[in-house]
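Participant: Following is a predicted model, sequence given first.
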Amino acid sequence: MRISVVAVGTRMPAWVTHGIDEYSKRMPRELKLLWREIPLARRAKDTAGDQACAAEGDQILKVIPPAERVIALDVGGKRMSTAQLAEQLTVWQRSGDNYSVVIGGPDGLSSSCLARADQCWSLSDLTLPHPLVRVLLIEQLYRAWTITVNHPYHRA
């Protein structure tokens, strides 16, 4: 199984890169993570946010293979506990499918990305900065995996 994280934005701060690298090292071989970055669409004073969001959405959809399952991170999505994510991760692993987890830009995800999603997941009701979402996502995927293999990292 492979999970691709498709995220809008490039040139992340060093702490984001270090966090992703640290958890990537901890991930097992059977749960590969592939990171794909999509550049932010140009935003000018006369450009509406929905235009930039739509342009980013088009770029996101171009890098997702047609057979891949898509999980969109969206504030309106389903909230899960870490234990529920561990159960979901087990389902994903047993399915034999590959998955793309999509992180939008400053204006969120386009309607076309949300329509393409098989699932929508909300990390929090809070507004989170997109660089932090990357680190939070990989840490939660690692934590969920540790639950599935009874590793002592997670303490309920």
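Facilitator: Now that the structure is in, tell me what you want to look at.
Participant: Please enumerate residues in contact with the lengthiest strand in the chain?
Facilitator: The residue-count maximum for a strand in the chain (DSSP state E) belongs to strand 69-79. Outside strand 69-79, the residues within contact range by C-beta atoms under 8 Å, 6 or more residues apart in numbering are 64, 92, 95, 97-104, 108-109, 113-114, 116-125, 127, 133, 137. Using the backbone N, CA and C atoms, a C-beta is placed for each residue, glycine as well.
Participant: Inside strands: which ones of these?
Facilitator: 99, 100, 101, 102, 103, 119, 120, 121, 122.
Participant: Is there a quick ChimeraX command that grabs whichever of those residues are buried?
Facilitator: To isolate the buried members of the ones in strands among the contacts of strand 69-79 in ChimeraX, using 16 or more other C-beta atoms under 10 Å:
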select :99,100,101,102,103,119,120,121
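Participant: from the ones in strands among the contacts of strand 69-79, which single one is nearest residue 12?
Facilitator: Of all the ones in strands among the contacts of strand 69-79, residue 12 sits closest to residue 103, with 11.5 Å by C-beta to C-beta.
Participant: Relative to residue 95, how far out is residue 128?
Facilitator: 28 Å (C-beta to C-beta, to the nearest Å).
Participant: list the contacts for the residue nearest to the spatial centre of the chain?
Facilitator: Taking C-alpha atoms, centre = their mean, the centroid of the chain lies closest to residue 101, which sits 3.7 Å from it. Taking C-beta under 8 Å, 6+ apart, we find residue 101 in contact with 3, 4, 5, 6, 71, 73, 121, 137.
Participant: Quick check: pLDDT value at it.
Facilitator: The model reports residue 101 with a pLDDT of 98.
Participant: Which secondary structure element is home to the residue of the chain positioned farthest from its centre?
Facilitator: When each C-alpha in the chain is compared with the mean C-alpha position (C-alpha atoms, centre = their mean), residue 46 comes out farthest, at 29.7 Å. Assigned by DSSP states H and E, residue 46 belongs to neither a helix nor a strand.
Participant: distance of it from residue 106?
Facilitator: Counting by C-beta to C-beta - residue 46 and residue 106 are separated by 17 Å.
Participant: can you point me to the longest helix in the chain?
Facilitator: helix 130-148 (DSSP state H).
Participant: I appreciate the help and will end here.
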